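[1] Please find the sequence and the predicted model below.
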Amino acid sequence: MVTSKKYYIFRNSTVERFFASLDASYSGYNDISSIPDDADVYVWFYLSPIKTNADVYIREIEAYAQQLQFVLSQIKPHKACYAFTLYNMHYIYHETSNWSINEAIGNYNRKLYELSQSYANLKIIDFARFCRQYPSSEIIDRKYYYISQMQLSPKLAGGFEGWLQNEIAAIEGKRKKCLALDLDNTLWSGILGEDGLEGIRIGNTYPGSAFLDFQNNLLELSKSGVILTVCSKNNEQEVIEAWNKNPFLPIKQEHLSAWRINWNSKADNLVELAQELNIGLDSMVLIDDNPSERALVKQMYPMVETPDFPEQPYQLPVFFESLCRDYFQIYKLTSEDKMKPHQYKANTERAVFQKSFATFEDYLKSLELELTIQELNPMNLSRIAQLTQKTNQFNLTTKRYTEEDITTLAHQGAKVYCMSVKDKFGDNGITGVAIITTGKSTESATVDSFLLSCRILGKHIENVFLKYVLLQLKNEGYSWITASFIPTLKNNQVSDFYELNGFRLDGDADGTSAYPKGAKNYFCSVHDLDFSIPDIYNINSLRR
């Protein structure tokens, strides 16, 4: 598990102040002669050159691309490299019709994205998105440039560090899961209970136009896998009538995975929403125009993010941009991300469907469960890493891995499996991961990570998945399997999972120096295990 990463920064100017929060070391200016092996992540942070001659400027930019390509060829493929795009910060134009500088920068940035197609470990960070937050006069402080070769103004260091942390979190797949939305003066202007169905304002004239754009933006965000819910003090029947009859409301009932529309405490309603969706409160962001409601939630459940709502509707676009940047950025969407809102809604349908059966076994049979288990490959690598980053409740060790970490483990001989789950209500996609490490012995192996997304729990799928993995190990000649449970604040529900599946507790392991107090180590002989799987689970096994 990677807990503290070492960064190596390739740079062409003084940048130490901007990476102060990282454990970082630095190259010399324009120096690629040394590429240390002990870095976990390499960063290519070349700023646009300060040159007075356009031809010299362009040649230098072209050299940057060649140098980066050489560096990538030397970096081990399982180690990440983050490359910043170029942004023209300070070239002074003498001829306004001359686009050669802009064209050169555009060519350089396109080259970065082309390289990322050839080097899977290369991730591109758009530096222009940071620079556009500031007036051009604030980006450079000439005093510091001439004194210490620092191109970026040191006044931007704090803002840069926060922005960079968001970019890294997006690359590593760390983002919130769910938006809980208020209604009155949040999704529309006005109060439904007082102004009536026709009195709330949303549409083509201000302020309704601002709320219309806000709702449309939220719908686009939901397409990236963010769950939309409603948490509102209102009369539910009046809201449903508005959804059905107001043609200007983009967000309607079918776009929501769940809602709580009543007069109860919003804090209590958030807890119920989290329980219904089977997610943690720390996965939720509350959007509410009422400061007292936000203050109550902050006090009772500080793990719920409650950003300040803008005072004026015309500020909503900037608010939405900050919402995405701070909580919901992701570097690359997986197919599972795009399906997530539908999957949570399908879970609600399953819960209703279950009530129509006399026994749980009859319910499981009717679901037509289909499990597909496959080994690590380039197509599932991103999702496997994402699950290790985001899964908390059913996670035996809660080790967080990047794509490069997973690749490293595989190169070291680890066996990596993932499982997707489908039933009559829909396809949940890849929702389970097992990572098995092997040592020098050909007889023993260790369950390094075993985790399942919370939305597929409750059908004993976790037991079937474990049996499948252990059977593969048995077939490959392994006799003894060890495993560990490492407690966190969220995974207590799996504290006895291994015991319930035939493992024996190592009595001397509790509270060892390797793991925190409460950790448990287990072992088992695969020859003593029961590998029978009920017929209700249709298993497809795919190789690489």
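    Thanks, I have it.
[2] so where is the stretch 351-500 of the chain shaky, pLDDT-wise?
    For the stretch 351-500 of the chain, no stretch is flagged by pLDDT under 70.
[3] What segments of it are strands?
    Per DSSP state E, counting those that start in this stretch, the stretch 351-500 of the chain has strands spanning 370-375, 415-423, 426-438, 444-452, 480-485. These are given in chain order.
[4] Let me know the angle separating the worst-scoring helix or strand of the chain on mean pLDDT from strand 426-438.
    Sorting the helices and strands of the chain by mean pLDDT, DSSP states H and E puts helix 335-354 at the bottom, at a mean of 77. For helix 335-354 against strand 426-438, the angle by axes from the mean of the first three to the mean of the last three Cα atoms, to 10 degrees is 120 degrees.
[5] Can you spell out which helices and strands pack onto helix 335-354?
    Under the contact definition 3 or more Cβ pairs under 8 Å, 6 or more residues apart in numbering; DSSP states H and E, helix 335-354 sits against strand 227-233, strand 258-262, helix 266-277, helix 360-367, strand 426-438. All C-beta atoms are positioned from the backbone trio N, CA, C, and that covers glycine.
[6] what are the pairing partners of the longest one, and which direction each?
    In this case it means strand 426-438. Looking at strand 426-438 with DSSP bridges, its partner strands are strand 415-423 (antiparallel), strand 444-452 (antiparallel).
[7] JSON lines for the ones you listed, including mean neighbour count and distance to residue 483?
    Converted to JSON lines, the strands paired with strand 426-438 look like this (neighbours: other Cβ atoms under 10 Å; distance: least, Cβ to Cβ, whole Å):
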{"stretch": "strand 415-423", "mean neighbour count": "22", "distance to residue 483": "14"}
{"stretch": "strand 444-452", "mean neighbour count": "23", "distance to residue 483": "4"}
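[8] Between those, which one is closest to residue 242.
    strand 415-423 (33.3 Å; Cβ to Cβ).
[9] contact partners of that closest one?
    Outside strand 415-423, the residues that touch it by Cβ atoms under 8 Å, 6 or more residues apart in numbering are 350, 367-376, 380, 383-384, 387, 406, 409-410, 427-436, 438, 445, 452, 456, 461, 465, 468-469, 472-473.
[10] and those, which are buried?
    350, 367, 369, 371-374, 376, 380, 383-384, 387, 406, 409-410, 427-436, 438, 445, 452, 456, 461, 465, 468-469, 472-473 (16 or more other Cβ atoms under 10 Å).
[11] quick check: angle from the least confident helix or strand of the chain to helix 360-367?
    Calculated by the same axes, to 10 degrees, helix 335-354 forms an angle of 130 degrees with helix 360-367.
[12] how about the CA coordinates for helix 335-354, as PDB?
    C-alpha atoms of helix 335-354 as PDB (Å, rounded to 0.1, in the frame of the first residue of the first chain):
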ATOM      1  CA  SER A 335     -18.300   2.500 -18.000                       C
ATOM      2  CA  GLU A 336     -19.300   1.800 -14.400                       C
ATOM      3  CA  ASP A 337     -19.200   5.500 -13.600                       C
ATOM      4  CA  LYS A 338     -21.600   6.300 -16.300                       C
ATOM      5  CA  MET A 339     -24.000   3.600 -15.200                       C
ATOM      6  CA  LYS A 340     -23.900   4.400 -11.500                       C
ATOM      7  CA  PRO A 341     -27.100   6.600 -11.200                       C
ATOM      8  CA  HIS A 342     -29.100   3.900 -13.000                       C
ATOM      9  CA  GLN A 343     -27.600   1.200 -10.800                       C
ATOM     10  CA  TYR A 344     -28.600   2.900  -7.500                       C
ATOM     11  CA  LYS A 345     -32.100   3.400  -8.800                       C
ATOM     12  CA  ALA A 346     -32.200  -0.200  -9.800                       C
ATOM     13  CA  ASN A 347     -31.300  -1.100  -6.200                       C
ATOM     14  CA  THR A 348     -34.400   0.600  -5.000                       C
ATOM     15  CA  GLU A 349     -36.400  -1.400  -7.500                       C
ATOM     16  CA  ARG A 350     -34.800  -4.600  -6.200                       C
ATOM     17  CA  ALA A 351     -35.800  -3.700  -2.600                       C
ATOM     18  CA  VAL A 352     -39.400  -3.300  -3.600                       C
ATOM     19  CA  PHE A 353     -39.300  -6.500  -5.700                       C
ATOM     20  CA  GLN A 354     -37.900  -8.500  -2.800                       C
END
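[13] For it, give me every contacting residue.
    Residues from elsewhere that reach helix 335-354 (Cβ under 8 Å, 6+ apart): 177, 222-228, 255-258, 276-278, 330, 360, 363, 366-367, 383, 386, 423, 425-431, 455.
[14] For that helix, buried residues please.
    336, 337, 339, 340, 341, 342, 343, 344, 345, 346, 347, 350.
[15] closest to residue 203 among those?
    Closest to residue 203, out of all of the buried residues of helix 335-354 and judged by Cβ to Cβ, is residue 341, at 25.3 Å.
[16] thinking again about what came up before, in a markdown table: the strands paired with strand 426-438, plus distance to residue 186.
    Below are those laid out as a markdown table (distance: least, Cβ to Cβ, whole Å):
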| stretch | distance to residue 186 |
| --- | --- |
| strand 415-423 | 35 |
| strand 444-452 | 34 |
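[17] Between the ones you listed, which one is closest to residue 540.
    Across the strands paired with strand 426-438, residue 540 has its closest neighbour in strand 415-423 (9.0 Å, Cβ to Cβ).
[18] tilt between that closest one and strand 370-375?
    Interaxial angle, strand 415-423 versus strand 370-375 (the same axes, to 10 degrees): 160 degrees.
[19] can you give me how far strand 415-423 is from the chain middle?
    Relative to its chain's centre, strand 415-423 lies at 19 Å (Cα atoms, centre = their mean, to the nearest Å).
[20] next one: stretch 11-28
    Put simply, stretch 11-28 sits 26 Å off its chain's centre (Cα atoms, centre = their mean).
[21] Now it - C-alpha only, CSV.
    The C-alpha coordinates for stretch 11-28 follow below in CSV (Å, rounded to 0.1, in the frame of the first residue of the first chain):
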residue,chain,number,x,y,z
ARG,A,11,11.4,21.8,-14.2
ASN,A,12,12.8,24.7,-16.2
SER,A,13,12.5,27.3,-13.5
THR,A,14,12.2,27.7,-9.7
VAL,A,15,9.0,25.9,-8.6
GLU,A,16,9.8,24.5,-5.1
ARG,A,17,7.3,26.8,-3.3
PHE,A,18,4.5,25.4,-5.4
PHE,A,19,5.1,21.7,-4.5
ALA,A,20,5.8,22.3,-0.8
SER,A,21,3.0,20.0,0.3
LEU,A,22,4.6,17.0,-1.5
ASP,A,23,7.6,14.9,-0.6
ALA,A,24,9.4,16.1,-3.7
SER,A,25,12.9,16.5,-5.1
TYR,A,26,13.8,18.4,-8.2
SER,A,27,15.9,18.3,-11.4
GLY,A,28,18.2,21.1,-12.4
